[in-house]
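Novice: Could you work out the structure for the sequence below:
(one chain, ligands or ions: 1)
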Amino acid sequence: MPRKKKIVVKIGSSLLANSEKLTLRYAFMNGLISDLAQLQREGHDIVLTSSGSVALGLNMIGKRPEDAGLLDKQAAAACGQPLLMNAYRQIASEHNMDVAQMLVTAEDMEERRRFLNIKNTMMRLFENDIMPIINENDSVATRDLRVGDNDRLSAKVAQMVEADMLVILTSVEGLFDRDPSDPDAKFIAEVEDVSAHLESTTGISALGSGGMLTKMQAANMAQNAGVETIIADGIIERPISSLLNRERRYTRCLVTGETASPLKIWLSNRLQVAGTLVVSNDVAAAVRGGDHGISRENVLSIQGDFVKGDVLHVYDETGTEVARGLSNFSSDETMLLARHVDMPVEDVIGYKTKSDVIGAENILVLEENHIPIDAPEDRQKVVVHR
Ligand code: GLU
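Specialist: As a prediction, this is how the structure comes out:
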């Protein structure tokens, strides 16, 4: 048997739920599971990231997608998720396949220990030939702590399991060079540098939270992690086998160049911001020049409530993100150390350690292929007075 592959498949709400009635599309699910069961029989490990809980739960709370607020959606997710899993379990058992549910939050994916724990759970499921079905735990996450779209969530999952392939099934054929309704739009079959396409893609589907933009962001994250992404139409009878047998066109985002180290991948693929630091434009230039950490003297302002080991986003004075790195201190310690630069570290925080807030070995300087994240506007920025 050829080497076993790890494949992450992401299914959008518009494929799972009928857009008018907001009920399950069983025929689609049956075709999908039949394909996935076949792949599993061939020895591959499959993870399914499935949306649909919100769309399927809306009827129960008496709302339409267009007038549902965040709380409605969170309640709908709580109603819809068991409907979704019930259908998956039933259909999978008809194909002699075992499935399991894993609901995760953005925080679970961003915190290293929890990330590794989820990974270990998935590996154990794989050992038992059980397909994990993942969704965001929408009912518990608040607005700013949500991933919000399963496209990027599935890319994090692909990074987590070191997948060979991420397949994002959606309601369009793939990526076009402009709005696909434009008759001159050209289909793009292969993408070498996903980051070059991020700006030209917009648009959100009626039922899901993502659009082509979040799909390209996901493909970018996957590319950074050395995972190939396929974006394809899922409204087709055997959505996966028809792809793998190349019976139709789709967009393939290739893995190019060398894959970065696990730390660099960890720093480049972020879903949310734990804390931010602002440094002077001169320091920013030195950081961009390489081999430069962030010392406590460099810190002009601090935002967020973070702990040692959290990822900090570093901005210059114009608000442009320059770098990201692992913090050696909590936010309170960072503030104290930055305020009292003349005092030894030990006298300020009570224990002896190195003084850099981010060490040069733990920093990622943002390049073209990294998507910058703006500093959150709703969190107070505390200026360091010296
Ligand atoms: N987690 C949401 C759901 O299950 C969907 C997020 C998305 O549309 O990507 O309905």
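Novice: who's in contact with residue 288?
Specialist: Residue 288 makes contact with 322-323, 365, according to Cβ atoms under 8 Å, 6 or more residues apart in numbering. C-beta coordinates here come from the backbone N, C-alpha and C atoms, glycine included.
Novice: make it 7 Å
Specialist: 322, 365 (Cβ atoms under 7 Å, 6 or more residues apart in numbering).
Novice: and it, that's in a strand?
Specialist: No. Checked against DSSP: H, G, I helix; E, B strand; the rest coil, residue 288 lies outside a strand; its state is helix.
Novice: Show me where the stretch 51-200 of the chain dips below the pLDDT cut-off.
Specialist: 143-144, 200 (pLDDT under 70).
Novice: residues in it within reach of the ligand, list them.
Specialist: 51-55, 77, 135-136, 138, 149-150 (Cβ under 6 Å from any ligand atom).
Novice: The same query, at a cut-off of 8 Å, please.
Specialist: Proximity of the stretch 51-200 of the chain to the ligand (Cβ under 8 Å from any ligand atom) is limited to residues 51-56, 73, 76-77, 80-81, 84, 135-136, 138, 147-151, 153.
Novice: send the alpha carbons of the strand or helix carrying residue 57 over as CSV?
Specialist: For residue 57, the host element (DSSP states H and E) is helix 53-57. The C-alpha trace of helix 53-57 is given here as CSV (Å, rounded to 0.1, in the frame of the first residue of the first chain):
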residue,chain,number,x,y,z
SER,A,53,-24.5,23.6,13.3
VAL,A,54,-25.7,27.2,13.1
ALA,A,55,-27.6,26.9,9.9
LEU,A,56,-29.3,23.7,11.0
GLY,A,57,-30.2,25.0,14.4
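Novice: circling back to that earlier point, and the residues of the stretch 51-200 of the chain next to the ligand, which of them are in strands?
Specialist: Within those, residues falling in strands by DSSP state E are 135-136.
Novice: Drop the exposed ones from the residues of the stretch 51-200 of the chain next to the ligand and show what's left.
Specialist: 51-56, 73, 76-77, 80-81, 84, 135-136, 138, 147-151, 153 (16 or more other Cβ atoms under 10 Å).
Novice: Quick one, grab the pLDDT at residue 368.
Specialist: Note on residue 368: pLDDT of 88.
Novice: please begin residue numbering at 22 from this point
Specialist: Shifting the count to begin at 22 puts that one at residue 389.
Novice: surely it meets residue 216?
Specialist: Yes. Contact status for residue 389 versus residue 216: in contact at 5.5 Å, counting by Cβ atoms under 7 Å.
Novice: And those two? Which one has more around it.
Specialist: Ranked by neighbour count (other Cβ atoms under 10 Å), residue 389 and residue 216 place residue 216 first, with 18 against 8.
Novice: Tell me the secondary structure at the closest residue to that one other than its chain neighbours.
Specialist: Nearest non-adjacent residue to residue 216, counting by Cβ to Cβ, 6 or more residues apart in numbering: residue 390, 4.6 Å away. Look at residue 390: counting by three-state DSSP, its state is coil.
Novice: give the contact list for residue 390.
Specialist: When contacts are counted by Cβ under 7 Å, 6+ apart, residue 390 touches 214, 216, 241, 245.
Novice: how many other residues sit next to the closest residue to residue 256 other than its chain neighbours?
Specialist: In this structure, residue 256 finds its nearest non-sequential neighbour in residue 192, 6.0 Å apart by Cβ to Cβ, 6+ apart. Neighbours of residue 192 under the rule other Cβ under 10 Å: 16.
Novice: Pull the contacting residues for residue 192.
Specialist: Residue 192 neighbours (Cβ under 7 Å, 6+ apart): 33, 35-36, 226, 254, 256.
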